[in-house]
Every structure is written in structure tokens, then in C-alpha cells.
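Chemist: Fold the following, please.
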Amino acid sequence: MRILVVEDNAKLAASLKKGLQQEGYAVDVALDGREGQSLADGAGEGYDAIVLDLMLPGVDGMTICKNIRESGSRVPVLMLTARGSVSDKVEGLDAGADDYLAKPFAFEELTARIRALLRRPAVPVAPVLRAGDLEMNAATREVTVSGTPISLTAKEFGLLELLMRHPQQVLSREQITVHLWDQEFEGASNVVEVHIRNVRRKLSQAGNHAQIQTVRGAGYRLSQ
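Modeler: All right, here's what the predicted structure looks like:
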């Protein structure tokens, strides 16, 4: 999952990015409203959730949230603010935010709220995905082949989930990179191929019959 954090407190933003990355998310950070609006406009549908501060220089969070909704995007928005009155919360929710968290807050609560938002996206998706004898429970993060559990890293799980949510669809290397890594990622150019190879190996070792196919010059797809 890929998350955009728009927060002008650099220390808090860095802390959120580090913590969310440790939870397995790819995270982009904007330190002012204009940058946040630009990222939301340029790749809004590429984000699975947006954590948005209310008080921002340049463009305030309320305006950003309204612009996101007016563009037609249904990406979940969790609004952060030091203003915790009922009227402030109502205003934020009316602007299109899906949830509202007052500062100061516990990081554990933030991540719990993000997980809750991701469990109820604008377009309902099945919590259990299947491809032949391969089964994935996106809520519990369990993957099995004919009932036998498979151990995957966070990135391997994200890659397989992306492919299983788009069966028979060819996903380019760029599409996969956008969903699984943040903008500052500077890893090896073959990082997608390495993760594809690792997932293939683990599925094969478990006796899975679904195949991650390489479509030359186009990308990858999961066939049953």
C-alpha cells in the first residue's frame, strides 16, 4: 500500500514516514500544502490513503481535501489537526475526509485508523482473493496454497496482492513500482524482477499452479 503524508512539521512527518515504512507501507511526504496538492493531483489514484494535516502553509488541508473530492478521487483521507472541537471535525468530514484524528495522537491509533480505512475502500473489494489453489486473506495477511501457509515479506505480499487484484491484467514494471515503493526509492533497477522471482519460487515450492507470467516488453500478469 502507498500512502501520502502531508504534514508541515518536518520532525513529525519524518517520524510518521519511518513508522509507516516499518509497517510495510510505501510513503511519500509533502511538507506544505502546495506540494501536497501537486502530489495528490499528479498521482492521487496511485495512493491508497492520504494522511492530511489541516493547518498547512500555502494551501490548507481543508482546501486540498475538497479539491481531491471535486476531482472525483475516492482515495481515503485521514485528516490530522491540533484543532479538536466538534465543529472542526464536522467541517473536516463535510469537506470529504473519511476520518479525523486530533493531535497529539498515539501512532498505534493512527495505524489502526489507516487499516480501518483501507478495509473499506470506495469500491468494495473482496477481503479473500483466490487464484486456483492460491488464497490470500488481505485482512489477516495470510497466504495459503491448498491450505498450506506461505511466508512472504511485506513487499512480496504487496506484489502478490496487486497481481491477484488484477487477474489476467498485465501490470507494467512502472505500475508495480508506483504501488510498492515511494518516490525517493533508489534501489536496484531490477528490484521488481527480483521480487517477482522470489514470489514465483515460494509459490512453486508450495505446489501452486497459478503462474506469474512475463509479458515481454509489457510487464507481468497472474494467470490461473
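
Chemist: For the protein, which segments are assigned as strands?
Modeler: 2-6, 26-30, 49-53, 77-81, 99-102, 128-131, 134-137, 142-145, 148-150, 211-215, 219-223 (DSSP state E).

Chemist: Now render those strands as a markdown table, adding distance to S189.
Modeler: Backbone N, C-alpha and C define where each C-beta goes, glycine included. A markdown table is the format used below for those (distance: least, Cβ to Cβ, whole Å):
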| stretch | distance to S189 |
| --- | --- |
| strand 2-6 | 20 |
| strand 26-30 | 17 |
| strand 49-53 | 28 |
| strand 77-81 | 33 |
| strand 99-102 | 37 |
| strand 128-131 | 28 |
| strand 134-137 | 28 |
| strand 142-145 | 27 |
| strand 148-150 | 27 |
| strand 211-215 | 16 |
| strand 219-223 | 15 |
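
Chemist: just these: most buried one?
Modeler: With neighbours taken as mean count of other Cβ atoms under 10 Å, the strands of the chain reach their highest mean count in strand 49-53, at a mean of 26.

Chemist: For that strand, which helices and strands make contact with it?
Modeler: Contact analysis of strand 49-53 by 3 or more Cβ pairs under 8 Å, 6 or more residues apart in numbering; DSSP states H and E lists strand 2-6, helix 61-70, strand 77-81, helix 107-119 as its packing neighbours.

Chemist: how many degrees apart are that strand and strand 77-81 in direction?
Modeler: Strand 49-53 and strand 77-81 meet at an angle of 20 degrees, taking axes from the mean of the first three to the mean of the last three Cα atoms, to 10 degrees as the criterion.
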